[in-house]
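Trainee: Mind looking at a prediction? Sequence and model below.
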Amino acid sequence: MGKYEYIFFDLDGTLNDSGPGILNSFTYAIEQMGGKVENRSQLKKFVGPPLRTSFEESLGYSPEDILNIIMN
(Lines give C-alpha, C1' and ligand atoms only; values in the text may rest on other atoms or scores of the structure.)
Protein backbone atom coordinates (compact mmCIF):
# COMPACT_ATOMS: atom_id res chain seq x y z
CA MET A 1 0.00 0.00 0.00
CA GLY A 2 1.14 3.53 -0.69
CA LYS A 3 1.47 6.50 1.57
CA TYR A 4 -2.28 7.14 1.77
CA GLU A 5 -4.93 4.66 2.82
CA TYR A 6 -7.91 6.81 1.81
CA ILE A 7 -8.55 9.57 -0.68
CA PHE A 8 -11.62 11.78 -0.31
CA PHE A 9 -13.14 13.92 -3.05
CA ASP A 10 -15.27 16.95 -2.23
CA LEU A 11 -17.73 16.85 -5.10
CA ASP A 12 -20.16 19.44 -3.78
CA GLY A 13 -19.09 22.48 -5.75
CA THR A 14 -15.38 21.73 -5.78
CA LEU A 15 -15.00 19.25 -8.63
CA ASN A 16 -18.45 19.61 -10.17
CA ASP A 17 -21.52 21.83 -10.01
CA SER A 18 -24.04 19.89 -7.94
CA GLY A 19 -26.48 22.84 -7.80
CA PRO A 20 -28.72 21.80 -10.71
CA GLY A 21 -29.17 18.30 -9.31
CA ILE A 22 -30.01 19.67 -5.86
CA LEU A 23 -32.53 22.13 -7.34
CA ASN A 24 -34.15 19.33 -9.36
CA SER A 25 -34.38 17.16 -6.24
CA PHE A 26 -35.97 19.93 -4.17
CA THR A 27 -38.44 20.73 -6.96
CA TYR A 28 -39.44 17.08 -7.22
CA ALA A 29 -39.84 16.66 -3.44
CA ILE A 30 -41.91 19.83 -3.09
CA GLU A 31 -44.18 18.81 -5.97
CA GLN A 32 -44.60 15.30 -4.51
CA MET A 33 -45.79 16.90 -1.27
CA GLY A 34 -48.42 18.87 -3.20
CA GLY A 35 -46.49 22.13 -3.40
CA LYS A 36 -45.61 24.17 -6.44
CA VAL A 37 -42.30 25.81 -7.30
CA GLU A 38 -43.00 29.13 -8.98
CA ASN A 39 -39.42 30.35 -9.25
CA ARG A 40 -36.54 27.83 -9.19
CA SER A 41 -34.02 30.57 -8.48
CA GLN A 42 -35.53 30.90 -4.99
CA LEU A 43 -34.37 27.33 -4.31
CA LYS A 44 -30.68 28.28 -4.60
CA LYS A 45 -30.64 29.01 -0.87
CA PHE A 46 -31.10 25.27 -0.30
CA VAL A 47 -27.76 24.36 -1.86
CA GLY A 48 -25.49 23.70 1.10
CA PRO A 49 -27.62 23.45 4.28
CA PRO A 50 -28.86 20.06 5.55
CA LEU A 51 -32.15 18.84 4.06
CA ARG A 52 -33.98 18.93 7.39
CA THR A 53 -33.00 22.55 7.96
CA SER A 54 -34.15 23.63 4.50
CA PHE A 55 -37.47 21.81 4.62
CA GLU A 56 -38.32 22.83 8.18
CA GLU A 57 -37.03 26.39 8.53
CA SER A 58 -37.51 27.64 4.98
CA LEU A 59 -40.52 25.66 3.83
CA GLY A 60 -42.33 25.02 7.12
CA TYR A 61 -42.73 21.26 6.79
CA SER A 62 -43.36 19.21 9.94
CA PRO A 63 -40.79 16.69 11.19
CA GLU A 64 -43.09 13.87 10.02
CA ASP A 65 -43.36 15.37 6.52
CA ILE A 66 -39.61 15.88 6.38
CA LEU A 67 -38.97 12.24 7.27
CA ASN A 68 -41.43 11.22 4.56
CA ILE A 69 -39.74 13.47 2.01
CA ILE A 70 -36.23 12.24 2.83
CA MET A 71 -37.09 8.54 3.06
CA ASN A 72 -39.15 8.40 -0.13
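Mentor: Arrived safely, thanks for sending.
Trainee: now the helices: where do they sit in this structure?
Mentor: Counting by DSSP state H, the segments of the chain that form helices are 19-32, 51-53, 63-71.
Trainee: Switch these over to CSV; also include mean neighbour count.
Mentor: Placement of C-beta: from N, CA and C, glycine included. Converted to CSV, these look like this (neighbours: other C-beta atoms under 10 Å):
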stretch, mean neighbour count
helix 19-32, 15
helix 51-53, 14
helix 63-71, 13
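Trainee: Just send the ones you listed back as JSON lines, with mean pLDDT and distance to Gly2 too.
Mentor: As requested, the helices of the chain are exported to JSON lines (pLDDT from 0 to 100; distance: least, C-beta to C-beta, whole Å):
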{"stretch": "helix 19-32", "mean pLDDT": "89", "distance to Gly2": "32"}
{"stretch": "helix 51-53", "mean pLDDT": "84", "distance to Gly2": "36"}
{"stretch": "helix 63-71", "mean pLDDT": "85", "distance to Gly2": "38"}
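Trainee: need the ones you listed in TSV with distance to Lys45, can you?
Mentor: Formatted as TSV, the helices of the chain follow (distance: least, C-beta to C-beta, whole Å):
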stretch	distance to Lys45
helix 19-32	10
helix 51-53	11
helix 63-71	17
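Trainee: Go through those and name the closest to Tyr6.
Mentor: Nearest of these to Tyr6, taken as C-beta to C-beta: helix 19-32 at 24.8 Å.
Trainee: Next, the angle helix 63-71 makes with that closest one.
Mentor: If you take axes from the mean of the first three to the mean of the last three C-alpha atoms, to 10 degrees, helix 19-32 sits at 130 degrees to helix 63-71.
Trainee: For helix 19-32, which outside residues touch it?
Mentor: When contacts are defined by C-beta atoms under 8 Å, 6 or more residues apart in numbering, helix 19-32 is touched by residues 13, 36-37, 40, 43-44, 46-47, 54-55, 59, 69, 72.
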